[in-house]
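1. The following block contains a protein sequence and its predicted model.
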Amino acid sequence: MANQATDIIAKVLEQSAKLVEEQVDAHLNKLEHMDEDELDKLKEKRLEALKKAQKQKQEWLSKGHGEYREIPSEKDFFGEVKESKNVVCHFYKDSTFRCKIFDKHLGILAKKHVETKFIKLNVEKAPFLTERLRIKVIPTLALLIDGKTKDYVVGFTDLGNTDEFPTEMLEWRLGCTDVINYSGNPMEPPTQTQKPGSKFTKVEKKTIRGRGYDYDSESEDD
């Protein structure tokens with residue numbers, strides 16, 4: 001039975017490889033038979049796409065994308081969210097150690113994912129906003145798309161319940177909500193060596209709001 005299953009898988013893989021090879025051959029054949037005008041049009045189209053992408057990148061950078069930065073108050077939050085489609089906001093406290101762990105990873109992801117704005121806000125300067133978004137646990141990441149809160153990352157529960165999660169794990173978690181352009185598989189977290197006792201919480205795409213959480217890192221102020 002096992003051999004039969006292996007043979008079926010091998011056959012499917014062989015057929016898939018053959019199909020891809022045929023598609024590549026067809027594309028190369030089409031390029032070979034293009035006349036000069038068609039090639040010029042293709043080059044012009046690709047150049048236009050590059051210019052458009054560069055213009056978009058410059059627009060993002062002008063709005064504060066590409067860096068992880070702190071905003072002074074909750075009043076600034078609404079302006080920041082209004083001008084950008086995708087926003088990740090870290091609600092933190094200076095006394096909470098795990099907020100510094102988020103800082104490290106978010107700084108890396110801000111440079112990689114220029115399409116998304118990465119900001120942080122001290123909850124002690126944002127009592128109204130913290131109450132409005134029902135943020136009860138620190139650290140919490142609010143994930144916003146088109147000015148609306150789509151999801152939250154509360155503590156490290158979705159990241160393997162460990163302080164030593166890799167940046168790729170947080171990147172995957174943000175990708176589950178489509179707040180960044182994630183190139184991996186959102187259905188499966190990146191593989192990592194987990195410590196004994198750590199466990200991974202599978203994430204579904206849904207808005208999390210006003211739920212009671214067991215994880216509370218605010219008590220760990222080391």
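-> The structure has been received and is ready for your questions.
2. how about stretch 94-110: buried residues?
-> Within stretch 94-110, the residues that qualify as buried are 96, 98-99, 101-102, 105-106, 109-110, counting by 16 or more other C-beta atoms under 10 Å. Yep, even glycine has a C-beta here, placed from its N, CA and C like the rest.
3. So what touches it?
-> By C-beta atoms under 8 Å, 6 or more residues apart in numbering, the surrounding residues in contact with stretch 94-110 are 65-68, 88, 90, 92-93, 116, 118, 120, 122, 138-139, 141, 155-156, 163, 167, 170-171, 174, 180, 217-218, 220-222.
4. Which ones among those lie within helices?
-> Judged by DSSP state H, the subset of those located in helices is 167, 170-171, 174.
5. closest to residue 24 among these?
-> The shortest separation between residue 24 and any of these is 30.0 Å, and it belongs to residue 171 (by C-beta to C-beta).
6. What distance do you get for the closest one to residue 152?
-> Look at residue 171 and residue 152: by C-beta to C-beta, to the nearest Å, they are 17 Å apart.
7. pLDDT of stretch 21-31, averaged?
-> The predicted model assigns stretch 21-31 a mean pLDDT of 68.
8. Could you do stretch 139-150 as well?
-> When pLDDT is averaged over stretch 139-150, the result is 96.
9. that older thread, quick one: which of the ones in helices among the contacts of stretch 94-110 is nearest residue 21?
-> Distances from residue 21 to these, taken as C-beta to C-beta, are shortest for residue 171 (32.1 Å).
10. In contact with the closest one, which residues?
-> Listed by C-beta under 8 Å, 6+ apart, the contact partners of residue 171 are 109, 112-113, 180, 182, 184, 190.
11. Of the residues you listed, select the buried ones using a PyMOL command.
-> Buried members of those, defined by 16+ other C-beta under 10 Å, are picked up in PyMOL with:
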select buried, resi 109+113+180+182
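12. can you map out the strands along this structure?
-> For the chain, strands defined by DSSP state E occupy the ranges 68-70, 86-92, 117-122, 140-145, 148-154.
13. Please identify which of those is closest to residue 76.
-> Each of those has some distance to residue 76 by C-beta to C-beta; the shortest is strand 117-122, at 8.1 Å.
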